[in-house]
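# Need the 3D shape of this:
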Amino acid sequence: MVPAQEAMRNFDSSEQTPVHVPNLKNLTVTKFENYCLILTALEENLAEYKMIREDLNITFEEICQVNARGMQHMGESEDKVSYSYMV
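Numbers count the residues shown, from 1 in each chain. Take a look at the predicted model:
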């Protein structure tokens, strides 16, 4: 692991200037590991959410198509019923 001060010295700020340079004096290895663990869990949850959301969107579209076909069929049945009353 590279000390934060050494990383800051090697940081090329010509490409991107940080808005705020944090004070990392109180950052312990345990805190950093916990932070990385939380980030990993969030990334995994986001990836899983995207997959579930895509599946839900596909299911919703299929249900809408089935309902639309059902409404068309129902409309055709009502036309036949109303025509039979006229005859």
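# quick one: the helices in the protein?
Secondary structure of the chain (DSSP state H): helices located at 4-10, 29-86.
# Would you mind measuring from residue 26 to residue 50?
Counting by Cβ to Cβ, to the nearest Å, the separation of residue 26 from residue 50 is 35 Å. Placement of C-beta: from N, CA and C, glycine included.
# Who has more neighbours out of the two?
Neighbour totals were compared for residue 26 and residue 50, and residue 50 leads with 10 against 6 (other Cβ atoms under 10 Å).
# What pLDDT is listed against the more buried one?
The score at residue 50 is 97. That number is its pLDDT.
# for the record, mean pLDDT for stretch 71-82?
This predicted structure assigns stretch 71-82 an average pLDDT of 66.
# Poorly predicted segments of the chain, please.
Filtered on pLDDT under 70, the chain yields the residue ranges 1-2, 11-15, 18, 76-87.
# circling back: can I get the helices of the chain in TSV including distance to residue 17?
Below are the helices of the chain laid out as TSV (distance: least, Cβ to Cβ, whole Å):
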stretch	distance to residue 17
helix 4-10	13
helix 29-86	23
